[in-house]
Structures are given as C-alpha cells and as structure tokens.
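Peer 1: Fold the following for me, if possible:
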Amino acid sequence: MSSILNKKPEREDEVLDSALRPKKWSDYVGQDKIKENIRIIITAAKQRSQSPDHLLFYGNSGLGKTTLAYLVAQEMGKEIRITAGPAIERAGDLAAILTNLSEGDVLFLDEIHRVGATVEEYLYPAMEDYKLNLILGKGPMARTMELKLPKFTLIGATTRPALLSSPLRNRFGAIFQLNFYTPEDMEKIIKRSSDLLKIKIEPEALKIISNRSRFTPRVANRLLKRVRDFAQVQGNGLVTKEIAEHALNFLEVDKMGLESGDRKILLALIEKFNGGPVGLQSLAAASMEEEGTILDIYEPYLMQCGFIERTPKGRIASRLAYEHLGLLHMRKQLI
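Peer 2: Alright, predicted model coming up:
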C-alpha cells in the first residue's frame, strides 16, 4: 500500500492543494503566536517603508511554511518568487534569481539547508548589504564585479534546522518553529477544506479524519480527498462515519494516524532490537528506510505520540508503542 506521507502529489492534487491554501490571515488556522509575531514585523516594516527582516521557518513537512510565505508577500503587496536549495547549484543561479527580483519582493527558499557552501557564501552579502560580489574569469585574469540588488525579504524554510550553518542562521531577523496542530484546529482546517471542495461530510467523519491526520494540514487534506473518492464510488457522495473508517482502514491509516511505514519502524525496533536502544543507522537498515526519511517524516510524529524516545544510547520503543501494536506481552518478557 502506497504511503499518504511519501506519495508525490499528482497534478490534480497540486491544483487542489493550491486552491486549499489560505489566501488571508483569517483563513490560516493555528500557529497563533507565530502569526501575531509576523504581522507585527510586517506592520512595523510598512510603517518605516522598508522590507521586513529575513525570516526562517522550520518544522515538520506540511505544517504551513510555504503558506506563511505567501501570506507575508500578500500582506506586503509584493510578488513572491519560489525556489529550493538543491536548485541553486552555482553562484550564477543565485545571481539570476536575485537580479530578477523587484524592490520589496519576497524570495521563498525551500529546503534552505541544502544550499551548497559556495552559494551560501554569496548569499551572505545579498542578505546583509543587498549586493553580489561575483568573480569573473580564472587565474591572473580574474576580476570581481559587484552587482547591486533590490531590497528584498528572504524567507527560508527547512525541516532540518540543525543542518544550517551558524553564519546563515544568524542572518535571519526572526526564526519561527511551526508545531503540530491541535485536534480542534485540525477539525477547523478539514471543515474549511471540505467546504471549498464542496464535500458533504458528517461531523463524526470529520473527527475521524482529524484524529488520523497526524496533526498536519497537508496530510489531513490528502486524507480528505481520498475519503471523498470512496464516498463517491462506494456511497452517494456523503462522507459518513462508516465511509471514513472504511476508507482510512483500506489505506492502512490506523486510529492514531500511523501508516505501514510507521508500524514497520516500530516493529523493527521492538522485534529486532528488543525495543532498543538502537542507533539511527541500524534502525534504517532493519526497516529498509533511508535515515533522512525516518528523521524528517516518521520520527517527529512517532515522538509526538510518545511511541519513540531518544536517549544518548539510541532510540527506544515506549510502553505506549507496545500497547498500540498489541505487543505488551513482549515488553513484559523483557522486564
């Protein structure tokens, strides 16, 4: 069964994701403190007729970092340009992007932790002094050319803040961590999405999807669209409690929002390493998952649920993990 988490959105899903993205602050549910801080930064910058400070957003995938960047640009009345760290391979790529910005524009740099060290050096003066110092040619004939840049706001997004260098991190005027959403906020988000997609959904079904959405809006919207498909094909279009439970069970999403990949990691930890402690490399090999996938996609939610504990010696499966998988008898044997 393919994973809702790892599945790349199809073209239709991409269009729908864009349509569901909040277009104004009042539609953005949750992250209240972050929203208020950003709005103060923007209001103060507008009063000074300046561009806001550079902003860094970090947190798990699907929590709304890109949406916040769009809202900042909209609030400023400026254009937003979007790129990603791996796409900027050379200084020339960075120069092409920055010189095409207009005064006050927002540059959203996703996966900023994957920007190369050489490109990062060119990014420093661009962020601080709004200029690029390019080296043309090689050897004795090499010369330096300074390019002046329009004042812009760089918004960086990352799921791996620890991989950012200190010099780059320190050049951001404000750094915000996006957290998992509350169940109440998730229900509001799903209700808003169902209204936009014109999906008829019962309150109990809405709560079921919310409880299995990993407290993440992107996951919730994808689950909602898949449940809608089941309601359309196997029902009369109305998403009932029974349809929602049947669809999510068929997709192998359990009552806590765990998928087959999550359970595979927990089972490897319990059955192959007696519950741990075990290092990330060994756990990745045993579960046949990449280390980065475990760190970025699976582990944050498993820790949020209290299923995995990190210790200096490695990862440990908690009592809650044994209970959830119905393996508590195995834990008793180890104690």
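
Peer 1: Every contact and neighbour count from this point should use C-alpha atoms.
Peer 2: OK.

Peer 1: Take stretch 43-58, keep the C-alpha atoms, and write them as CSV.
Peer 2: This file holds the C-alpha atoms of stretch 43-58, laid out as CSV (Å, rounded to 0.1, in the frame of the first residue of the first chain):
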residue,chain,number,x,y,z
THR,A,43,3.2,46.3,10.2
ALA,A,44,6.4,47.9,11.6
ALA,A,45,8.2,47.4,8.3
LYS,A,46,5.4,49.0,6.4
GLN,A,47,5.3,52.0,8.7
ARG,A,48,9.0,52.5,8.1
SER,A,49,8.5,52.0,4.3
GLN,A,50,11.1,49.1,4.5
SER,A,51,11.2,45.4,3.6
PRO,A,52,10.6,43.1,6.6
ASP,A,53,13.6,41.3,8.1
HIS,A,54,14.6,38.0,6.6
LEU,A,55,12.5,35.2,8.1
LEU,A,56,13.3,31.5,8.8
PHE,A,57,10.6,28.9,9.3
TYR,A,58,11.3,25.4,10.4
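
Peer 1: quick one: buried residues of that stretch?
Peer 2: For stretch 43-58, the neighbour count (16 or more other C-alpha atoms under 10 Å) marks 51-58 as buried.

Peer 1: So Ile265 versus Ser26, what's the distance?
Peer 2: 38 Å (C-alpha to C-alpha, to the nearest Å).

Peer 1: Assign the spatially most central residue of the chain to one of the three secondary structure states.
Peer 2: Nearest to the mean C-alpha position of the chain, by C-alpha atoms, centre = their mean, lies Ser61 at 1.9 Å. Ser61 carries the three-state label coil when classified by DSSP: H, G, I helix; E, B strand; the rest coil.

Peer 1: ok, it touching Ala157?
Peer 2: No. With contact defined as C-alpha atoms under 8 Å, Ser61 and Ala157 do not form a contacting pair (9.8 Å).

Peer 1: that older thread, between Ile265 and Ser26, tell me which one has more neighbours.
Peer 2: Per other C-alpha atoms under 10 Å, whichever of Ile265 and Ser26 has more neighbours is Ile265, with 22 against 7.

Peer 1: residues contacting the closest residue in space to that one that isn't next to it in sequence?
Peer 2: Spatial nearest neighbour of Ile265, excluding adjacent residues (C-alpha to C-alpha, 6 or more residues apart in numbering): Ser287 at 5.5 Å. Residues near Ser287 by C-alpha atoms under 8 Å, 6 or more residues apart in numbering: 264-265, 268.

Peer 1: which one of the residues you listed sits closest to Thr43?
Peer 2: Ile265 (45.6 Å; C-alpha to C-alpha).

Peer 1: any idea which helix or strand carries that closest one?
Peer 2: helix 260-267 (DSSP states H and E).

Peer 1: got the contact list for that helix?
Peer 2: 1, 3, 252-253, 283, 287, 298, 302, 317, 321, 325.

Peer 1: Tell me where the stretch 51-200 of the chain has helices.
Peer 2: 65-76, 91-99, 117-128, 166-169, 183-196 (DSSP state H, counting those that start in this stretch).
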